[in-house]
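Chemist: My questions are about this predicted structure, shown below with the sequence.
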Amino acid sequence: MQHEAYEHIRVSESGHVATIEVTRGPNNFVDTDMVGEIADALELYDRDPNIRAIVLCAEGKHFCAGADFGSRGADGVAKATKRGRHLYKEAQRLWRTKKPIVAAVQGAAIGAGVGLAVAADFRVTCPEARWSTNFTRMNYHPGFGLTASLPRLVGHQKAMLMMYTGRRLTGEEALEMGLADLCVPMDQVRAAAVELATEIAQSGPLAIIGTRETLRRYFADEVARATEREYEEQDWLRNTADFKEGIKAMSERRLPNFQAK
């Protein structure tokens with residue numbers, strides 16, 4: 001299938017399975033343009049009747065280490081993007097595509113990286129992986145729709161625990177919590193994701209699309225509402241002294257000294 005030229009992802013097809021690989025290793029930091037390209041590719045595959053399932057993966061050491069606050073300035077405001085759209089507007093598009101997605105998660109899935117992984121239908125990980133919704137550790141509000149998507153996936157109580165503490169989970173802990181569906185050796189993560197996508201692709205494609213739409217009906221709207229609320233909270237928190245302290249503490253690998261101001 002003919003694709004436009006992508007800057008942040010690489011796409012390929014094998015049989016009825018497509019692969020979308022983020023090419024911003026080793027950390028694969030998230031930004032508006034990268035998420036927009038993933039959404040573009042997913043929407044293009046929606047129009048390709050030969051593609052029945054999609055593997056979302058990333059090159060390098062980490063699946064997605066979240067947002068790169070270090071290069072975004074002291075206040076954490078993202079630089080201008082080619083698309084001229086907000087990150088969460090692009091992220092909402094991921095939830096409105098039609099075909100099942102299997103995420104292959106190695107290394108770190110941090111902050112928005114968890115949000116990207118959770119947008120997939122299934123997640124394959126490894127014991128060495130590190131999962132964390134660490135927003136509050138920076139005096140920041142969770143984003144990327146996680147306030148809607150994470151409780152739906154792991155349950156309200158476990159989602160609160162992850163968001164309030166920002167603790168890091170291993171791949172095995174993520175599996176036990178229900179955040180991941182498979183935990184395999186690190187060098188088998190992508191192959192296991194492809195195997196699962198291939199198994200899905202062996203089912204009736206029209207039935208899969210219909211079943212997925214029924215299971216996820218109205219959920220994209222819920223995520224959209226959540227991202228609007230998340231952004232409102234993030235917008236004022238970016239201007240607090242505690243946010244600046246949180247970013248500084250993270251870069252210095254120490255506990256922050258928050259003052260509630």
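Modeler: Perfect, thanks for sending it. This is a predicted model, so every value here is computed, not measured.

Chemist: Phi first, then psi, for the most centrally placed residue in the chain.
Modeler: In the chain, the residue lying closest to the centroid (C-alpha atoms, centre = their mean) is residue 116, at 1.0 Å. Backbone geometry at residue 116, expressed as degrees, to the nearest 10, gives phi -60, psi -40.

Chemist: how much space is there between it and residue 110?
Modeler: 10 Å (C-beta to C-beta, to the nearest Å). The way it works is simple: take the backbone N, C-alpha and C, and place the C-beta from them, glycine included.

Chemist: which residues do these two both contact?
Modeler: residue 64 (C-beta atoms under 8 Å, 6 or more residues apart in numbering).

Chemist: right, and residue 181 touches residue 124 too?
Modeler: Yes. Counting by C-beta atoms under 8 Å, residue 181 does reach residue 124; the two are 6.7 Å apart.

Chemist: Give me the common contacts of those two.
Modeler: residue 196.

Chemist: who are the neighbours in contact with residue 142?
Modeler: 133, 135-136, 150, 163, 230.

Chemist: Report the buried members of those.
Modeler: Buried members of the contacts of residue 142, counted by 16 or more other C-beta atoms under 10 Å: 133, 135-136, 150, 163, 230.

Chemist: So which of the residues you listed are in strands?
Modeler: Nothing among the buried ones among the contacts of residue 142 maps onto strands, per DSSP state E.

Chemist: so which of those would you say is closest to residue 61?
Modeler: residue 133 (19.8 Å; C-beta to C-beta).

Chemist: I'd assumed residue 166 was in contact with the closest one.
Modeler: Yes. Using C-beta under 8 Å, residue 133 makes contact with residue 166 at a distance of 6.5 Å.

Chemist: of all the buried ones among the contacts of residue 142, which comes closest to residue 196?
Modeler: Among the buried ones among the contacts of residue 142, and counting by C-beta to C-beta, the member closest to residue 196 is residue 150, at 21.2 Å.

Chemist: How about the closest one: what's its closest non-neighbour residue?
Modeler: residue 159 (4.2 Å; C-beta to C-beta, 6 or more residues apart in numbering).

Chemist: Quick one: mean pLDDT over the helix or strand in which that neighbour is found.
Modeler: Counting by DSSP states H and E, the element that carries residue 159 is helix 156-165. For helix 156-165, mean pLDDT rounds to 98.

Chemist: List the buried residues of that helix.
Modeler: Going by 16+ other C-beta under 10 Å, helix 156-165 has these buried residues: 159, 162-163.

Chemist: for this structure, which helix is longest?
Modeler: helix 219-237 (DSSP state H).

Chemist: got the buried residues for that helix?
Modeler: For helix 219-237, the neighbour count (16+ other C-beta under 10 Å) marks 220, 222-224, 226-227, 230, 234, 237 as buried.

Chemist: Could you do stretch 252-261 as well?
Modeler: Buried, per 16+ other C-beta under 10 Å, within stretch 252-261: 256, 258.

Chemist: swap in stretch 34-46?
Modeler: Those would be 34-42, 44-45, for stretch 34-46 by 16+ other C-beta under 10 Å.

Chemist: Start from the N-terminal end of the stretch 101-250 of the chain and give the helices.
Modeler: 112-118, 146-154, 156-165, 171-177, 189-201, 205-216, 219-237, 241-251 (DSSP state H, counting those that start in this stretch).

Chemist: can you redo the ones you listed as JSON lines with distance to residue 24?
Modeler: Output for the helices of the stretch 101-250 of the chain, formatted as JSON lines (distance: least, C-beta to C-beta, whole Å):
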{"stretch": "helix 112-118", "distance to residue 24": "12"}
{"stretch": "helix 146-154", "distance to residue 24": "21"}
{"stretch": "helix 156-165", "distance to residue 24": "25"}
{"stretch": "helix 171-177", "distance to residue 24": "22"}
{"stretch": "helix 189-201", "distance to residue 24": "17"}
{"stretch": "helix 205-216", "distance to residue 24": "27"}
{"stretch": "helix 219-237", "distance to residue 24": "22"}
{"stretch": "helix 241-251", "distance to residue 24": "20"}
